[in-house]
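Chemist: Predicted model and sequence below, questions to follow.
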Amino acid sequence: MTDVISPKQRSELMARIRGTRNESTEMALARLLRAAHLSGWRRHSRISWQAEHLSPSLRKILLKNNFRASVVPDFMFRERRTVLFIDGCFWHSCPQHGTVPSSNVDYWGPKLLRNRNRDRFVDAALCHLGWTVLRVWEHELKQPERLTKWLLRQLNPG
């Protein structure tokens, strides 16, 4: 189907979409954490790093790709030094549900690849700095009992 608005209008429209307080993912995961009595978390707390605190290979990736020297995880468990991201199946290229749109492929293919590469870099940088990184796919919210058990195992090891 042909787009009914111009590429510039589409770009302006998409730029207004923000990824916070997403009812179907972040807020659903917050409800799940509360129901499981998992406490000590904060939402959208920034973690910053200096390039010189990263390994030489991570520093090179940071500078080459012009990545930000900070990240805002969806959930942070500061005392456990654990961060939790809830990844949308489309935006983060879920192996089960991720798709590349058939229109404007020259834009979407590289865009989704950049998202995956940034996710891998963020995971590696945070691990290098002593954080544990947990990622949950959006579709995993459809099985809350299973997800809760996994989160309890990850956040309460031993």
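Modeler: Good, I have the coordinates. What you are looking at is a predicted structure, and each value in this text was computed from that prediction instead of being measured.

Chemist: contacting residues around the host helix or strand of residue 8?
Modeler: Secondary structure assignment for residue 8, by DSSP states H and E: helix 7-15. Under the contact criterion CB atoms under 8 Å, 6 or more residues apart in numbering, helix 7-15 has outside partners 3, 5, 104. (C-beta placed from N, C-alpha, C; glycine too.)

Chemist: And the strands in this protein, which stretches?
Modeler: Ranges of strands in the chain, per DSSP state E, are 41-43, 47-48, 70-71, 75-77, 82-87, 132-137.

Chemist: okay if I get these as CSV plus mean pLDDT, mean neighbour count and distance to residue 13?
Modeler: Converted to CSV, the strands of the chain look like this (pLDDT from 0 to 100; neighbours: other CB atoms under 10 Å; distance: least, CB to CB, whole Å):
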stretch, mean pLDDT, mean neighbour count, distance to residue 13
strand 41-43, 96, 16, 26
strand 47-48, 94, 14, 30
strand 70-71, 94, 17, 26
strand 75-77, 97, 21, 29
strand 82-87, 96, 22, 23
strand 132-137, 97, 18, 26
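
Chemist: Which parts of the protein are helices?
Modeler: For the chain, the helices defined by DSSP state H occupy 7-15, 28-35, 56-65, 105-128, 144-155.

Chemist: Among those, which comes closest to residue 79?
Modeler: Residue 79 lies closest, by CB to CB, to one member of these: helix 144-155, at 10.6 Å.
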